[in-house]
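**Student:** coordinates only, no sequence provided:
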């Protein structure tokens, strides 16, 4: 029965598609004393919204990547359609415009100045609806970025210790670019 409830939760793309509410769909076949939980209802609504959220992410990433690539304060920009990975990515992508939400980039100037000035949420996660940024190498390889020997090892592999990971969210793309532009400066 639990698997069936999960199938009902994902069987529709819009929670208003059927005449029953999300709650009513999730309580089908349940005893009256076993109501749908708030977590189940919230999960069903999130699943139903996923196509809309993903479409917005996929549409926002190319202009953000293009802005970063064109800015003189940015050294490198990597994303699904970067020239070095484009062909491989397109072989695996579910659709040519499904580019994901992740952009990684490095700066020409100091990380601290940019990061402190940036008015975007910071966190070590894929943001989904909320744009998030983090200094990825500091999370994944702090032992390397915190020592001269570690930084040398990263440099030998062509890895910048100040690599930033940006997970583009559903905010208006103009707002994301404006926040980046402000932090990067002229």
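**Tutor:** All right, it came through fine. What you see is a predicted model, and the numbers here were worked out from it, not measured in a lab. Numbering: from 1, shown residues only.
**Student:** and the contacts of the strand or helix carrying residue 178?
**Tutor:** Assigned by DSSP states H and E, residue 178 belongs to helix 173-184. The contact list for helix 173-184 (Cβ atoms under 8 Å, 6 or more residues apart in numbering) reads 59-60, 63-64, 67-68, 71, 73-74, 107, 114-115, 117-120, 131, 168-169. Just so you know, the C-beta spots here come from the backbone N, C-alpha and C atoms, and that holds for glycine as well.
**Student:** so how do I select the buried members of those residues in ChimeraX?
**Tutor:** Buried members of these, defined by 16 or more other Cβ atoms under 10 Å, are picked up in ChimeraX with:
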select :60,64,67,68,71,73,74,107,114,115,118,120,131,168,169
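**Student:** of the contacts of helix 173-184, which belong to helices?
**Tutor:** 59, 60, 63, 64, 67, 68, 114, 115, 117 (DSSP state H).
**Student:** return the closest of those residues with respect to residue 97.
**Tutor:** Using Cβ to Cβ, residue 59 is the member of the ones in helices among the contacts of helix 173-184 that lies nearest residue 97, at 7.7 Å.
**Student:** quick one: contacts for that closest one?
**Tutor:** Going by Cβ under 8 Å, 6+ apart, residue 59 touches 97, 173.
**Student:** next one: it relative to residue 24, how far apart?
**Tutor:** To residue 24, residue 59 is 33 Å away according to Cβ to Cβ, to the nearest Å.
**Student:** please apply the same query to residue 125.
**Tutor:** Taking Cβ to Cβ, one finds residue 125 at 33 Å from residue 24.
**Student:** would you map the strands across this protein?
**Tutor:** In the chain, the strands defined using DSSP state E lie at 74-78, 102-107, 132-135, 164-167.
**Student:** tell me the centre residue of this structure?
**Tutor:** Residue closest to the mean C-alpha point of the chain, counted by Cα atoms, centre = their mean, is residue 167 at 3.2 Å.
**Student:** measure that one to residue 119 for me?
**Tutor:** Distance, residue 167 to residue 119, using Cβ to Cβ: 16 Å.
**Student:** and the closest residue to residue 76 other than its chain neighbours, how far from residue 134?
**Tutor:** Using Cβ to Cβ, 6 or more residues apart in numbering and skipping residues adjacent in sequence, the residue nearest residue 76 is residue 106, 4.8 Å away. Between residue 106 and residue 134 the computed distance is 14 Å (Cβ to Cβ).
**Student:** between those two, what contacts are shared?
**Tutor:** Residues touching both residue 106 and residue 134 (Cβ under 8 Å, 6+ apart) are residue 164.
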